[in-house]
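>>> I'll drop the sequence and a predicted model, then ask my questions.
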Amino acid sequence: VGAIGGSGNINTVAITSGTLTTLNGNITTDNNSGNSVTLAGTTTNGASISIDTNNTSNDGAISIAAFSSSNNNLALDSGSADINLSGAAFNLGSGSLTTTGDINLAANVSITATGGMTINNDIDADDASSNDRTLTLSSGTGATMTFSGAIGSDQTLSGLTISQSNGTTFGSTVNAGTITLTDTQDGSDILFNGNVTATTFTTAAQGYDLALTGSSNTFTNAVTFQNTGTLTLGNASNDAFTFNGGLTENTSGTVTLAGSIDSSNDVITFGAITLAAATTLDTNASSTTGDITIGAVTGNNNNLTLD
């Protein structure tokens, strides 16, 4: 399929293939109400293309099922309308993915783009009654992933997994049942710059650096930090972390803390720590199960409170 639209007279595009549809040109819809692009079946792109429904006053939804490995770049722009993903596999191979417009997960989706990802808006699960949508992300070992919008703010994701990257940045809030950090290149950063809310937070014994610097973070189950790079929890004295099942730090890199780190009568265990700002460790202990264990402290003239 070659280029569609671009002259202002295409309103609705719907392509269905029983096997594979190959897009070789851009798709652009007009500014009339009801414009949209729907790609059913499996789609690939034979060249670097864009799908654009972002118009002056009438933005259209982009709906895509499965996307097969193409090794070409793909840019999606739905403006204020949604990008709906309903296929399990969205694979661009060595291509890159850039999106503008909120992404709606209508299935458990795995996105692979080893040319990198730039996701400019929110990602949410659909309103399925089972509330079980998961998102798995990989940009390979040579490219980064950047997520500027909130993840799971309107409809919480059941699971969020980073399987591989050369660095990942979440610029806003992340809300998921289970967050799993499987791997990222040694010495590269996984950054959570906004608030994180998770039932389960799992790290792997891999050499990535991890930083959580949102102002309010809550974890339901016990968390063990075991990445072998650095760990940063907080970057200001008013940052707050609640580990309702307790916290154990088993990393081998520098551990930097700031703000308040609390549990609910559960253990908090750190090795050597460095303070980036005033820090409080508080297990809210009502019995001996709420012990605090820490190693050497590098204070940098910052206060440390243990309770």
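Nice, thanks for sending it over. Since the structure is predicted, the reported quantities are computational estimates derived from the model, not experimental observations.

>>> what lies in contact with the helix or strand containing residue 63?
Using DSSP states H and E, residue 63 maps to strand 61-67. The contact list for strand 61-67, computed with CB atoms under 8 Å, 6 or more residues apart in numbering, reads 36-44, 51, 53, 74, 76, 78, 81-92, 101. Glycine gets a C-beta too; all of them are placed from N, C-alpha and C.

>>> the helix or strand following it pairs with which strands, and in what direction?
Counting by DSSP H and E, the next helix or strand C-terminal to strand 61-67 is strand 74-77. Under the criterion DSSP bridges, strand 74-77 sits next to strand 49-52 (parallel), strand 97-100 (parallel) in its sheet.

>>> next one: the first one to chain centre, how far?
Put plainly, it is strand 49-52. The gap between where strand 49-52 is centred and where its chain is centred comes out at 23 Å by CA atoms, centre = their mean, to the nearest Å.

>>> where along the stretch 101-250 of the chain do the helices fall?
Listed in chain order, the helices found in the stretch 101-250 of the chain under DSSP state H, counting those that start in this stretch amount to none.

>>> show me the shaky parts of it.
Judged by pLDDT under 70, the stretch 101-250 of the chain has its weakly predicted residues at 128-131.

>>> go again with 90.
Low-confidence regions of the stretch 101-250 of the chain, defined here as pLDDT under 90, cover residues 126-132.

>>> thought residue 77 was touching residue 50?
Yes. Residue 77 lies in contact with residue 50 (CB atoms under 8 Å); the separation is 6.8 Å.

>>> of these two, who's got more company?
For residue 77 versus residue 50, the count of surrounding residues by other CB atoms under 10 Å is larger for residue 77: 20 against 15.

>>> contacting residues for the more buried one?
50, 51, 52, 53, 54, 99, 100, 101.

>>> switch the cut-off to 10 Å
28, 50-55, 59, 62, 83, 98-101, 120 (CB atoms under 10 Å, 6 or more residues apart in numbering).

>>> show the buried residues in those.
Among the contacts of residue 77, those that count as buried by neighbour count (16 or more other CB atoms under 10 Å) are 28, 51-55, 59, 62, 83, 98-101, 120.

>>> out of those residues, who's nearest residue 19?
The closest of the buried ones among the contacts of residue 77 to residue 19 turns out to be residue 51 (CB to CB; 20.4 Å).

>>> and residue 157, how close does it get to residue 146?
Per CB to CB, to the nearest Å, residue 157 is found 18 Å from residue 146.

>>> for residue 79, same thing?
Residue 79 is 20 Å from residue 146, where distance means CB to CB.
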